[in-house]
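**Student:** following is a predicted model, sequence given first.
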Amino acid sequence: MRSLKAAATMASLRKLKLAPTITSEKPNEPDERNKRNQRNRRNRLNRRKYPQRTFDFCQRFAIFTQVGERKLREKIYIFDTTLRDGEQTPGVSLTVKEKLKIARGLEKLGVDVIEAGFPAASPGELEAVKTITQEVKGPIITALARTLSQDIERAGEALKSARQGRIHTFIATSPIHLKYKLKKSPDEVLKMATQAVRLAREYAPEVEFSPEDASRSQPSFLYQIITEVIEEGARIINIPDTVGYSIPEEFKRFIQGIIENVSNIDKAVLSVHCHNDLGLATANSLAAIQAGARQIECTINGIGERAGNASLEEIVMTLKVRDDWLNFFTSINTKRIYQLSQQVAHFTGIPVQPNKAIVGDNAFRHQAGIHQDGVLKKNSTYEIMSPASIGLKSGKLVLGKLSGRHAFKEKASQLGFTLKDSQLKVAFQSFKELADKKKIVFDEDLSSILEEQVLQVPSVYSLDYIHTVTGNKILPTATVRIKKGGKLYQEAACGDGPIDAAYKAIDRVCKLKLVLMSYSLRAITGGKDALGEVTVKVESQGILMSGRGVSTDIIEAGARAYINAINRLIYHGRKKSEARNRIFKEGNSGENKPDY
């Protein structure tokens, strides 16, 4: 019974072109028979050479297909080329240690294939591929090679210690490349491709072939060369959109055309490698999957030559989030995506753009008040995936001038502040005033605003206006307007600098004589619009009191700190006076009279 089920499953897989078709047809021509006998002998030799590799890639593809209760879910194999094409990003050069760390990260991520490099390019590349094959044993390790014998031999040397090795050989097939770059005829290119695949089979159990610039190649020639390399033993056929020229519907039909016109395509797995010159790499890759491609070549953060490649995180998360529409799955552990994205950005020196899908800083940030209110009530109102699904702890509410009171209160709670309604009203107004001056209000900014409300003493004096004039050949002057009890008082003064002048003007309004004991300034946040915090200590009649002020203008922050110290002095004096009065009243009450 079990064998009948297994036979039925394999039959259904063959209909879907997921497993090699077994045929009993005999070749009619002697030359075809000779070719087949030669291939069989090579295959037997390879099986002896690599006894642990019982199945080729095509068979593994069929075995790991998941069969659900209602529908067949097909696996999409993720071929990561961050270490090869990703390193072709202008300005990027990875050391062997950096490549190894990324390769280990890719292994933990769960990619199926790692393209470790181009061994013939340099001794350093050869060393890097060798090191990765020795240290990383999970994924298939691939080495790139042109259709040149020396390239293939170097690739084979690099892959000697690989548990699962593959040589990826390529040659251009488009008319423009044949004419201007290779200066060869189609027949010459066809011969080079078949010879390269034949040679590669001697060095690795799996061979992948790519007709470079396939999307601009003549279909008839493309069908011919694919058919021939499959006959020579290529088991993965990769179709590159090398210059990112295709659009999704066109590319989908292009892949369908290959499946329909290459008679032996069922013996190979179809792969695509899309570039992002028109911003369509991910869309083209998904269109190819719908057409029948089952391996996607991509990079972390979408880095690569020119505008980059299809982004691994975009491909994987699209298949995961939209599995209702795209009935496929991958082996990727998505919770490791963000960490690896940051590591690759660090090693390459190419920062992830803030609005990058999935891994950008803004991907899970919400600034508009309406959006923030929705996310606080139910994440799925504005998040189609959870931050935790890619390895982030949580999304972020980015407070700015468009943020509402609900988001402000929630952020205050997250920072550990519990505000009364009256405090919330004042703090929210201060936040709005700051948000008009800054693009983003950071947590540190909010903490400063909230501390002023929670730890606030009654404001006898408050700053309404300050204006200073200073320079290296001008006497610094300051004009201040201070509010007290609903009335405004204005004074001006000169000083050794704008801060000294401002403090003298404040002293005139308050009619106090204070000694400034210390003054310190620090930037709470980074950037040109950073929030500055000034802390002062003043002395009056032997009492030392500190004050604190915050603003994007350091002179204003200094004035606020000075006035805050004055208010605290007055508050301290009142409390001391109240305590004396209470003691006096208690001393004159009947129940506390002395016995004499």
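**Tutor:** Now that the structure is in, tell me what you want to look at.
**Student:** please make it C-alpha for all contacts and neighbour counts, starting now.
**Tutor:** OK.
**Student:** residue 193 in helix, strand or coil?
**Tutor:** helix (DSSP: H, G, I helix; E, B strand; the rest coil).
**Student:** what's the neighbour count on the closest residue to it other than its chain neighbours?
**Tutor:** Residue nearest to residue 193 in three dimensions, not counting chain neighbours: residue 147, with 6.1 Å by C-alpha to C-alpha, 6 or more residues apart in numbering. Neighbours of residue 147 under the rule other C-alpha atoms under 10 Å: 24.
**Student:** ok, residue 147 - contacts?
**Tutor:** 169, 170, 171, 192, 193, 195, 196, 197 (C-alpha atoms under 8 Å, 6 or more residues apart in numbering).
**Student:** now it: how far from residue 189?
**Tutor:** Using C-alpha to C-alpha, to the nearest Å, residue 147 is found at 9 Å from residue 189.
**Student:** common neighbours of these two, please.
**Tutor:** Here residue 147 and residue 189 share the contacting residues residue 171, scored by C-alpha under 8 Å, 6+ apart.
**Student:** name the element residue 128 belongs to?
**Tutor:** Element membership for residue 128 (DSSP states H and E) is helix 123-135.
**Student:** check residue 196 too.
**Tutor:** helix 186-203.
**Student:** quick one: the following helix or strand past that helix to helix 186-203, angle?
**Tutor:** As assigned by DSSP H and E, the chain's next helix or strand after helix 186-203 is strand 206-212. On the basis of axes from the mean of the first three to the mean of the last three C-alpha atoms, to 10 degrees, strand 206-212 is oriented at 160 degrees to helix 186-203.
**Student:** quick check: residue 302 vs residue 315, distance?
**Tutor:** Distance, residue 302 to residue 315, by C-alpha to C-alpha: 10 Å.
**Student:** of those two, give the one with the bigger neighbour count.
**Tutor:** The neighbour comparison of residue 302 against residue 315 (other C-alpha under 10 Å) goes to residue 302, with 26 against 21.
**Student:** residues contacting the more buried one?
**Tutor:** 86, 308, 309, 310, 311, 312.
**Student:** now, of those residues, which are buried?
**Tutor:** Neighbour-count burial (16 or more other C-alpha atoms under 10 Å) applied to these gives 86, 308, 309, 310, 311, 312.
**Student:** now the fifth one: closest residue in space, sequence neighbours ignored.
**Tutor:** Residue nearest to residue 311 in three dimensions, not counting chain neighbours: residue 302, with 3.9 Å by C-alpha to C-alpha, 6+ apart.
**Student:** roughly how far apart are that neighbour and residue 309?
**Tutor:** For residue 302 relative to residue 309 (C-alpha to C-alpha), the value is 5 Å.
**Student:** residue 280 now?
**Tutor:** Taking C-alpha to C-alpha, one finds residue 280 at 9 Å from residue 309.
**Student:** again, but for residue 155
**Tutor:** Separation of residue 155 from residue 309 (C-alpha to C-alpha): 23 Å.
**Student:** again, but for residue 411
**Tutor:** For residue 411 relative to residue 309 (C-alpha to C-alpha), the value is 38 Å.
**Student:** next one: residue 198
**Tutor:** Residue 198 is 29 Å from residue 309, where distance means C-alpha to C-alpha.
**Student:** low-confidence stretches in the stretch 51-200 of the chain?
**Tutor:** 51-71 (pLDDT under 70).
**Student:** in a markdown table: the buried ones among the contacts of residue 302, plus distance to residue 339 and secondary structure.
**Tutor:** Putting the buried ones among the contacts of residue 302 into a markdown table (distance: C-alpha to C-alpha, whole Å; DSSP: H, G, I helix; E, B strand; the rest coil) gives the following:
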| residue | distance to residue 339 | secondary structure |
| --- | --- | --- |
| 86 | 17 | helix |
| 308 | 20 | coil |
| 309 | 20 | strand |
| 310 | 19 | coil |
| 311 | 15 | strand |
| 312 | 14 | helix |
